[in-house]
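Trainee: Structure of the sequence below:
(2 chains)
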Amino acid sequence: GQQVMQIPQYQHVQEGEDFTTYCNSSTTLSNIQWYKQRPGGHPVFLIQLVKSGEVKKQKRLTFQFGEAKKNSSLHITATQTTDVGTYFCAGHFGNEKLTFGTGTRLTIIP
Amino acid sequence: NAGVMQNPRHLVRRRGQEARLRCSPMKGHSHVYWYRQLPEEGLKFMVYLQKENIIDESGMPKERFSAEFPKEGPSILRIQQVVRGDSAAYFCASSRISGGGGDTQYFGPGTRLTVL
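Mentor: Next up is the predicted model:
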């Protein structure tokens, strides 16, 4: 089946540093969604991107959808301890169900 | 608007017993998805259901696992004759629509299954 790859698998950053996670697909996506899962918690929807080249911001978080709609990124500026967790991208291939990426686990070093 | 409800939150079973996990979707949602998450790992899709129908069970093990979403009541994920390898967090998610239209999935708190 279709797959969505995410890198890196783990990322450790000093508090205050920036963080980026990347999501890639070999096939064009209809749209891409991002979720955050805190340690011990459940995934929570963050945002959806639909248009080619779309960029959306949520405070310190910037989400991008590639021009070819095959990749996406999530960038966090000046990380804080509350950013700790695993970030998942998830995409639709045509009208199929959502396919989740493998996730990037972010840990913050105080 | 109550979120996705899952119960129990924690379930302990001995090898060979049955585990029943329940999921009540958000109000107005008719699509339910079950995922399994092993410790330190990602979400693994198991099954997608609509009311009284299994739409996609491609991620479900062929034996011992079954799922249903009856016309009335919660969706149930059933694991028969559990083994230690079944120990994981099982998340249910629901959505209002499905497919490429952009079905935001709302997750329940999960059921942590421990098999002794």
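Trainee: okay, CA-based contacts and neighbour counts for the rest of this
Mentor: OK.
Trainee: Next one, pLDDT for residue A:94 please.
Mentor: As predicted, residue A:94 sits at a pLDDT of 73.
Trainee: what's residue B:82 in contact with, if anything?
Mentor: By C-alpha atoms under 8 Å, 6 or more residues apart in numbering or on different chains, the contact list for residue B:82 reads B:13, B:14, B:15, B:16, B:17, B:18, B:19, B:64, B:115.
Trainee: between those, which is nearest chain A?
Mentor: residue B:115 (18.4 Å; C-alpha to the nearest C-alpha).
Trainee: Tell me, please, the helix or strand in chain A that averages the lowest pLDDT.
Mentor: strand A:98-100 (a mean of 86; mean pLDDT, DSSP states H and E).
Trainee: Only the buried residues of that strand, if you could.
Mentor: Across strand A:98-100, burial judged by 16 or more other C-alpha atoms under 10 Å in any protein chain shown covers A:98, A:99, A:100.
Trainee: Intersect those with the contacts of chain B.
Mentor: Contacts with chain B within those, as defined by C-alpha under 8 Å from any C-alpha of the partner chain: A:98, A:100.
Trainee: So what sits opposite the most centrally placed residue in chain A in the bridge?
Mentor: The residue lying closest to the centre of chain A (C-alpha atoms, centre = their mean) is residue A:89, at 4.2 Å. Beta-bridge partners of residue A:89, counted by DSSP bridges, are residue A:34.
Trainee: Give me the neighbour count for residue 68.
Mentor: Assuming you mean chain A. Counted with other C-alpha atoms under 10 Å in any protein chain shown, residues neighbouring residue A:68 total 13.
Trainee: try chain B instead
Mentor: Other residues near residue B:68 come to 20 when the count uses other C-alpha under 10 Å.
Trainee: so what's the residue positioned nearest the centre of chain B closest to, chain neighbours aside?
Mentor: Geometric centre of chain B, nearest residue: residue B:34, 3.3 Å, by C-alpha atoms, centre = their mean. Nearest non-adjacent residue to residue B:34, counting by C-alpha to C-alpha, 6 or more residues apart in numbering or on different chains: residue B:92, 4.6 Å away.
Trainee: swap in residue B:75?
Mentor: Ranked by C-alpha to C-alpha, 6+ apart and with sequence neighbours excluded, the top spatial neighbour of residue B:75 is residue B:69, at 4.2 Å.
Trainee: swap in residue A:76?
Mentor: Per C-alpha to C-alpha, 6+ apart, closest to residue A:76 is residue A:61, 4.6 Å.
Trainee: from what I can see that neighbour touches residue A:75, true?
Mentor: Yes: with contacts counted by C-alpha atoms under 8 Å, residue A:61 reaches residue A:75, the gap being 5.7 Å.
Trainee: Poorly predicted segments of chain B, please.
Mentor: By pLDDT under 70, the weakly predicted segments of chain B are B:1, B:98-102.
Trainee: which stretches of it form strands?
Mentor: Counting by DSSP state E, one finds strands in chain B at the ranges B:5-7, B:10-13, B:19-24, B:31-37, B:44-50, B:53-56, B:65-68, B:75-79, B:88-95, B:106-107, B:111-115.
Trainee: Tell me which residues are up against the fifth one.
Mentor: Meaning strand B:44-50. By C-alpha under 8 Å, 6+ apart, strand B:44-50 touches B:30-37, B:54-60, B:67-69.
Trainee: which of the residues you listed are buried?
Mentor: Neighbour counting by 16+ other C-alpha under 10 Å classes B:30-37, B:57, B:60, B:67-69 among the contacts of strand B:44-50 as buried.
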